[in-house]
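quick one, structure for this:
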Amino acid sequence: LSHANERSADRRLKIGYVSGDFNKHAVSHFIDPVLAQHDHESYEIFCYFNHPVADEMTQHLQSYGGQWRMIAGLPDESVAQLIREDSIDILVDLSGHTGESRLLVFARKPAPVQVTWLGYPNTTGLPTMDYRLTDGFADPPGLTEHLHTEQLVRLPESFSCFRALKKCPEVGELPLLKKGYPTFGSFNNPAKITPEVMRVWSKILLAVPGSRLMLKLLGADNVALRQVVYDQFAALGIERERLELLDAVGPHGEHLQRYNNIDIALDPFPYNGTTTNCDALWMGVPVITLAGRTHVARVGTSQLSNLGLTELIAHSLEDYVRIAVQLAQDPERLQTLRTGLRARMAASPLMDAARFTRHLEAAYRQMWQRWCETGA
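From the prediction side, this is the model:
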C-alpha cells in the first residue's frame, strides 16, 4: 500500500492510538501517564476509542487534549478510511487480540507505520503490523524474535509506565506483626492459577507452618466454586482453614485496601500479572516472580528489574519456593520492603512518566525516520 504522508523525518508527527480501553480498565493505568506527558509541539495525538461506554476515566483522558474519534460500531473499512483522512503517521494498537480490538483495521494498513503495544502480551500475527514495543527484560535479545511477525523495539528501561489511582489507601502495617503468621496472596485472574501454580504455592505453604494464602475469585461467594478450590488444594495437603477466598469488590480503592492483609504477593506463571503486580508493589507488598521464556512470563522480571529488586526473581521452581519461604521467615526484611516500596516505585522507571514518554517518542521518531528513508 502506498501512503501519501509527507516523508519529512523531523516534522510534527500524527500519532493515533486505537483502543477499546480508554475507560475504567487496566490499560488506562498505563496510557494515562503517556497522554499526560506527550510533547504536543512535536506530536499531534489522536485517540480512536472502540467502546460504546465512556466514563469518568474517559473524560479524564480526554482532558489531556488531542483529537478523539468514537469508532465503536463503525465498520473496519470506515475506520481505516477515517485514519487515512486524518493522515496518521504512526498508528498504535493498544488491544491486540483482546475483546475490543480493531486488528482488521490494522490489516488494511491505513498508516505507514503500525505498532502494537500494551494491551496484549504477544504478537498480533499481522504482516501489516510493523513493530511491537517491549523492553530488554521482558524480551531479551535473541529469546523471542522468532515468536513475532513484528520487529521488536526495546524501550531502554521499562516497556510500560504505571499511574496509580489518586485516592489510594495508605500502606498499612505489616500483617505478619498483627496476625502472628505470614499471609501470601494473589489477586490475579484465577485462569492464571494453573495446576502447576497450585502445586508450587502449596509447597510454599507447607514449608511455612501456619502461613495462609489469600486469593481473589470472581464468584467466590458461590459455595460450589469455593468447594472446587478447597478440594484442589486439599489434594496438595493444604487444609481449607489456610485459604482465604475473596470475592471481587467494587471500587478499586477497596480492592487495594485488601493488600494491607497480605505480606507477600505470588506472581502466577507462565502468565504473570501486570497491573496486579503494580498494585501490590504500590501497596508495599513485595512480589515474587518466576522468569520464563516469553514476554507474558517475564513481565514480573521486567518490573522487579526496573525496581532494583532482582533478588525476588526466581529462575527455577525450586528457586521460587526458596525465595518465598526465606522472605516469609524474615519479618525485618518484609518490614523494610513494606515501608519503602511505594517511594521506591514512585522514583523508578515504572512511574517516571516524563522520562518514559521521552523514550517512547524517541522510538516513534526512529520508526518514522526509517520509513522516510526506506518506505518500510
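
ok, the spatially closest residue to P270 that is not a sequence neighbour to L317 distance?
The spatially closest residue to P270, leaving aside those adjacent along the chain, is A297, at 4.0 Å (C-beta to C-beta, 6 or more residues apart in numbering). All C-beta spots, glycine's among them, are computed from the backbone N, C-alpha and C. Using C-beta to C-beta, to the nearest Å, A297 is found at 13 Å from L317.

which neighbours do these two have in common?
With C-beta atoms under 8 Å, 6 or more residues apart in numbering applied, the overlap between the contact sets of A297 and L317 consists of L290.

and these two? Which one has more around it.
Per other C-beta atoms under 10 Å, whichever of A297 and L317 has more neighbours is A297, with 20 against 15.

now do the same contact list for that one.
The neighbours of A297, taking C-beta under 8 Å, 6+ apart as the test, are 269-272, 290-291.

ok, now how distant is it from Y43?
The spacing between A297 and Y43, counted by C-beta to C-beta, is 33 Å.

now P156
Note on P156: its distance to Y43, by C-beta to C-beta, is 19 Å.

please identify which of those two sits among more neighbours.
Under the criterion of other C-beta under 10 Å, the comparison of P156 against Y43 puts Y43 first, with 19 against 12.

ok, now which ones touch the more buried one?
Applying C-beta under 8 Å, 6+ apart to Y43 gives the contacts 12-15, 361, 364.

hmm, try it at 10 Å
The neighbourhood of Y43, defined by C-beta atoms under 10 Å, 6 or more residues apart in numbering, consists of 12-15, 66, 89-90, 357, 360-361, 364-365.

so L104 makes contact with P75?
Yes: because the distance of 9.4 Å satisfies C-beta atoms under 10 Å, L104 is recorded as touching P75.

before we move on, back to that, show me which pair in the contacts of A297 is furthest apart.
Checking these against each other with C-beta to C-beta, the farthest-apart pair comes out as Y271 and A291, at 13.5 Å.

model confidence for the most centrally placed residue in the chain, exactly?
In the chain, the C-alpha closest to the average C-alpha coordinate belongs to T274, at a distance of 3.3 Å (C-alpha atoms, centre = their mean). The per-residue pLDDT reported for T274 equals 96.

cool, H252 as well?
According to the model's per-residue confidence, H252 sits at a pLDDT of 78.

try L218
At L218 the predicted local distance difference test score is 82.

ditto for A248
Model confidence at A248 (pLDDT) stands at 81.

surely it is in a helix?
No: applying DSSP: H, G, I helix; E, B strand; the rest coil, one finds A248 to be coil, outside a helix.

what helices or strands is the helix of greatest length in the chain leaning on?
Looking only at the chain and at elements set by DSSP state H, the helix with the highest residue count is helix 353-374. Packed against helix 353-374 by the contact rule (3 or more C-beta pairs under 10 Å, 6 or more residues apart in numbering; DSSP states H and E) you find strand 13-19, helix 28-37, strand 43-49, strand 90-93, strand 113-116, strand 131-135, strand 151-155.

helix, strand or coil for T289?
At T289 the chain is in strand, as set by three-state DSSP.

just for the stretch 201-350 of the chain, where's the confidence low?
Low-confidence segments of the stretch 201-350 of the chain, defined by pLDDT under 70, are absent; every residue clears the threshold.

can you give me the strands in it?
Along the stretch 201-350 of the chain, the segments classed as strands by DSSP state E, counting those that start in this stretch run 212-216, 243-246, 264-266, 287-290, 313-314.

can you put those in CSV and add distance to V325?
Formatted as CSV, the entries for these read as follows, by distance: least, C-beta to C-beta, whole Å:
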stretch, distance to V325
strand 212-216, 13
strand 243-246, 18
strand 264-266, 10
strand 287-290, 10
strand 313-314, 11
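
as a markdown table, those strands with distance to M198 and mean neighbour count would be great.
Below are the strands of the stretch 201-350 of the chain laid out as a markdown table (distance: least, C-beta to C-beta, whole Å; neighbours: other C-beta atoms under 10 Å):
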| stretch | distance to M198 | mean neighbour count |
| --- | --- | --- |
| strand 212-216 | 10 | 20 |
| strand 243-246 | 11 | 17 |
| strand 264-266 | 11 | 26 |
| strand 287-290 | 14 | 25 |
| strand 313-314 | 17 | 22 |
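
nearest to A111, out of those strands?
strand 287-290 (35.3 Å).

run me through the strand neighbours of the closest one, direction for each.
Using DSSP bridges, the neighbouring strands of strand 287-290 in the sheet come out as strand 264-266 (parallel), strand 313-314 (parallel).

and P127, which of these is closest to it?
strand 313-314 (34.5 Å).

which residues touch that closest one?
Contact partners of strand 313-314, identified using C-beta under 10 Å, 6+ apart, comprise 137, 200, 267, 269, 287-291, 298, 300-305, 319-324.

which of the residues you listed are buried?
Under a neighbour-count criterion of 16 or more other C-beta atoms under 10 Å, the subset of these counted as buried comprises 137, 200, 267, 269, 287-291, 298, 300-305, 320-321, 323-324.

coming back round to it: the residue nearest to the centre of the chain and A26, how far apart?
The spacing between T274 and A26, counted by C-beta to C-beta, is 7 Å.

isn't the residue nearest to the centre of the chain up against S158?
No: at 11.1 Å, T274 and S158 do not qualify as touching, with contact defined as C-beta under 10 Å.
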